[in-house]
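Peer 1: What shape does this take:
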Amino acid sequence: MFEKRPLVPHRVRRPGREGFSWVDRRFVRDFASGLSREAILLYFFLAAVSDRDGLSYWGDAKTSGRLKLQLESIASAREELVRRDLIAHGMPLTQVLSLPASVRGLA
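Peer 2: Numbers count the residues shown, from 1 in each chain. Predicted structure coming up:
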């Protein structure tokens, strides 16, 4: 069996003291295929910029600029993620939620 080792051991990724970023691989396996590409991009972005509680203060205009998406696309992707129970949104916060036990709202 092949032994899996880091290719660059001194660059192993660890959560920093000031932030916390991680994506449960179930997101890719169970949820991503039912989402638009904009929703997937927004989910990964929010996971990257959120704190250890999954909270982010990034507004639509700033997020739109970073992701190079129109404001309407950000709003639509956010609503898609809310419908699928992947994030919660209440101005000015967005929270990346723990993944639901089952895939919802994919029809």
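
Peer 1: can you pull out the helices in the protein?
Peer 2: Under the criterion DSSP state H, the chain contains helices at 25-26, 37-49, 60-67, 71-83.

Peer 1: got the CA positions of stretch 24-32 in CSV?
Peer 2: Output of stretch 24-32 as CSV, limited to C-alpha atoms (Å, rounded to 0.1, in the frame of the first residue of the first chain):
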residue,chain,number,x,y,z
ASP,A,24,-16.2,19.1,5.4
ARG,A,25,-15.6,16.8,2.5
ARG,A,26,-19.2,15.7,2.7
PHE,A,27,-20.0,19.1,1.1
VAL,A,28,-18.2,18.0,-2.1
ARG,A,29,-19.5,14.4,-1.9
ASP,A,30,-23.1,15.0,-1.0
PHE,A,31,-24.1,18.6,-1.6
ALA,A,32,-22.0,20.3,-4.3
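
Peer 1: follow-up on the earlier one: select, out of the helices of the chain, the one closest to His10.
Peer 2: With CB to CB as the criterion, His10 lies closest to helix 37-49 of the helices of the chain, at 22.0 Å. No exception for glycine: its C-beta is placed from N, CA and C like everyone else's.

Peer 1: quick one: average confidence on the closest one?
Peer 2: For helix 37-49, mean pLDDT is 96.
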